[in-house]
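>>> quick one, fold the following:
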Amino acid sequence: MTASNTPKRRWSLLHGTRPETPLTAEGPTLRGARVLLRPLVADDYDAWLTVRSSCRRWLQVWEPRPAGGKHLAEDRSSFVSRCLGRERERQLGYGFGFGIFADEVFCGEITLSSIQRGPFQSGVIGYWIDEAKAGRGLMPESVVVVLAFAFDSLALHRVEVNIVPRNAASRRVVEKLDLRSEGVSLRMLEIDGVWEDHMRFAITAEEWSERGADLKAQWC
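Sure, this is the predicted structure:
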């Protein structure tokens, strides 16, 4: 692969910015105080399935899907296809998906998706974690690590998190980080067959410049 065709070079040509975190064919690896975030690969399937299986009922009620639609496929080939899809998104700069690892053990996922450049320079964070590890601060830490990547490396201007109001566990994450609430979008997304309202939380580059150091000191 020539230098002009590397993902890092393509990103610069497409978006006019140069990421501080190197973008390799495997994607970036990000670290916090306790978590390591990296793209999932085929070899992660068994660990992923173990967590998904133990948390299936806890997670499926929050999955985007139409009424009567199938839940997320959990077979190996579907998992590998999703990994490859995430790799294509990374190389195009549209999104970044990470597995969350604590003490080298897989415990969830976090994504920075729907990245828009041009006058928007924005993205959306989504996440889920092993029910057995919820409430330990691993997800707020992971969100701060991804926010640092979004603002410091990708030069985004705005990142948001959208949460179904009755999803108390997800709300606690943004409340711990004191992300700014922007109100509620009615019937925003079809979740488990129901058009659900979503609370919208956001942080901009200006806010990150004021709060980022404190958030990283507290969580990372």
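
>>> can you give the contact residues for stretch 57-73?
52, 79, 128, 131, 164, 167, 170, 189-194 (CB atoms under 8 Å, 6 or more residues apart in numbering). Any C-beta I mention is one placed from the backbone N, CA and C, and that applies to glycine too.

>>> and stretch 51-67, which residues are buried?
51, 52, 55, 59, 62 (16 or more other CB atoms under 10 Å).

>>> first-to-last residue distance for it?
Start-to-end span of stretch 51-67 (CA to CA, to the nearest Å) is 25 Å.

>>> settle this for me: residue 96 is touching residue 111, isn't it.
Yes - between residue 96 and residue 111 there is a contact under CB atoms under 8 Å: 6.9 Å.

>>> tell me which of those two has more neighbours.
Higher neighbour count among residue 96 and residue 111: residue 96, with 26 against 18, using other CB atoms under 10 Å.

>>> tell me how far the more buried one lies from residue 178.
Going from residue 96 to residue 178 by CB to CB, to the nearest Å gives 24 Å.

>>> now swap in residue 30 and tell me
To residue 178, residue 30 is 21 Å away according to CB to CB.

>>> re earlier: pull out the buried members of the contacts of stretch 57-73.
Buried among the contacts of stretch 57-73 (16+ other CB under 10 Å): 52, 79, 128, 131, 164, 167, 170, 191, 192.

>>> pLDDT score for the spatially most central residue of the chain?
Geometric centre of the chain, nearest residue: residue 111, 1.8 Å, by CA atoms, centre = their mean. pLDDT recorded at residue 111 is 98.

>>> before we move on, the earlier item: compare neighbour counts for residue 30 and residue 178 and give me the winner.
residue 30 (20 against 11).

>>> tell me which element the closest residue to that one other than its chain neighbours is part of?
Leaving aside its sequence neighbours, residue 30 sits nearest to residue 37 (CB to CB, 6 or more residues apart in numbering; 4.2 Å). Secondary structure assignment for residue 37, by DSSP states H and E: strand 35-38.

>>> how about residues contacting that strand?
26-31, 98-102, 104, 110, 138, 141-142, 145-146.

>>> from the residues you listed, which land in strands?
30, 31, 98, 99, 100, 101, 102, 110 (DSSP state E).

>>> closest one to residue 43 out of those, please.
Nearest to residue 43, judged by CB to CB, of the ones in strands among the contacts of strand 35-38 is residue 99 at 11.0 Å.

>>> ok, the closest one touching residue 30?
No - in this structure, residue 99 is not within contact of residue 30 by CB under 8 Å, at 11.0 Å.
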